[in-house]
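Q: For reference, the sequence and a predicted model appear below.
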Amino acid sequence: MWTAILLACAGCYVLKLAGLSLPERVLSHPTVERVADLIPVALLAALVAVQVFSNGAALTVDARVLGLGFAVVALLLRAPFLVVVVGAAVVAALARLV
Amino acid sequence: MTDGVLSPAERSGIIRDGIAVGVATGAYGIGFGAVSVASGLTVAQTCVLSLLMFTGASQFALVGVVAAGGAPLSGAATALLLGTRNALYGLRMAPLLQWRGWRRAGAAHILIDESTAMGVTRGSTEAARLGFATTGIAVFVLWNAATAIGAFAGEAVGDPRTYGLDAAVGAAFLALLWPRLRDRRNILVGVLGAAVALSMVPVTAPGVPVLAAGGVAVLVGVLSKRDDPTEIPGVDDVAGGHA
């Protein structure tokens, strides 16, 4: 675990420093910019899906789906981050009590 | 771009904005700390991520992959993919900041969504530097303090399922994703990425499905013709930015 953490930390710093240091023409290409914009969208969506609808090895549906439902409503109502996250946790915990 | 000395009122306005963003971001830090220990990382590992990686989405991604049972190195790869956008922020900020040597090395560490948003809109190098640095430092201090608080609180809770903390992880990712779902192509990529990841869950090792979703982004990005300049976060896109 520590190896992965330190490697990722070093890599993320190199990416930041490269952006500030490299001449613009190296990275400034329409395709590169498009891909870099879309990567967070695809990865975050995949993380939501895997986090809520799987147990790591198989697809599952449980109380976490209700938590996600709360999060969607809270985001539509422009609730702050903590309300979205804590509310989702509370909804899932209550669903498990019932 | 006009160069000149900022008036004291302009300076304190920029500093106030930066601190407001830092305070608002602290809320995310508490969430990260709690989610990270709920995912199985120790308090020390959680705090090192906030200190050294210091880019929220990548940190959430690493612990999210680990929480889903993925190998730590899959988590690291996902974090690096998400970190690529910081390089593009750097391209945009470099001509504005005009820093060299150790200042640039220090600036790189605080090069994140929030500092970019609060620096990129300024009209002069002096104002860009002040906005970037005060926001970056305020976020760094409060994000790390909040991470520690969240991590100790999460550890005290024990089994994450008891209080639904496992559900909080998905909600946190959705909240990070939400502001990016403004145009149709992004929504399409999000839906495709989620579908690809879920379809691979039963047949691959944990952690791989999320990386595979990155392939969707590459494919759509390469095939798409539409001109699309880098989406630099605006002041309204970061927590507390419009306060």
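A: Received, thanks.
Q: Spit out the contact partners of the residue in chain B that chain A sits nearest to.
A: Nearest residue of chain B to chain A: B:Gly90, at 2.0 Å (C-beta to the nearest C-beta). The way it works is simple: take the backbone N, C-alpha and C, and place the C-beta from them, glycine included. For B:Gly90, the contact set (C-beta atoms under 8 Å, 6 or more residues apart in numbering or on different chains) comprises A:Lys16, A:Leu17, A:Ala18, A:Gly19, A:Leu20, A:Ser21, B:Ala108, B:Leu111.
Q: What sits closest to A:Ile5 if chain neighbours are left out?
A: Using C-beta to C-beta, 6 or more residues apart in numbering or on different chains and skipping residues adjacent in sequence, the residue nearest A:Ile5 is B:Gln45, 5.8 Å away.
Q: List of residues touching the helix or strand harbouring that neighbour?
A: Using DSSP states H and E, B:Gln45 falls within helix B:43-48. Contact with helix B:43-48 is made by A:1-2, A:5-6, A:9, B:32-33, B:36-37, B:63, B:144, B:147-148, B:151-152, B:155, as judged by C-beta under 8 Å, 6+ apart.
Q: Going by neighbour count, which of the residues you listed comes out on top?
A: B:Gly33 (31 neighbours; other C-beta atoms under 10 Å in any protein chain shown).
Q: List the buried residues in the longest helix seen in chain B.
A: The longest helix of chain B (DSSP state H) is helix B:125-157. Going by neighbour count (16 or more other C-beta atoms under 10 Å in any protein chain shown), the buried part of helix B:125-157 is B:125-140, B:142-144, B:146-148, B:150-151, B:154.
Q: now stretch B:88-95
A: So stretch B:88-95, judged by 16+ other C-beta under 10 Å, has buried residues B:Leu88, B:Tyr89, B:Gly90, B:Leu91, B:Arg92, B:Met93, B:Ala94.
Q: And these, which two are furthest apart?
A: Spanning the widest gap among the buried residues of stretch B:88-95 are B:Leu88 and B:Ala94, at 10.9 Å by C-beta to C-beta.
Q: which neighbours do those two share?
A: A:Gly19.
Q: And the helices in the chain, which stretches?
A: With no chain named, the answer covers chain A. According to DSSP H, the helices that chain A contains are A:2-21, A:24-27, A:30-53, A:63-76, A:81-97.
Q: Not quite, go with chain B.
A: Counting by DSSP H, the helices of chain B are B:8-38, B:43-48, B:56-67, B:72-97, B:101-109, B:113-120, B:125-157, B:165-177, B:184-200, B:208-223.
Q: Of all those, which one comes closest to A:Val90?
A: helix B:165-177 (8.9 Å).
Q: Show me what the closest one is packed against.
A: Packing contacts for helix B:165-177, counted by 3 or more C-beta pairs under 8 Å, 6 or more residues apart in numbering or on different chains; DSSP states H and E, involve helix A:30-53, helix A:63-76, helix A:81-97, helix B:8-38, helix B:56-67.
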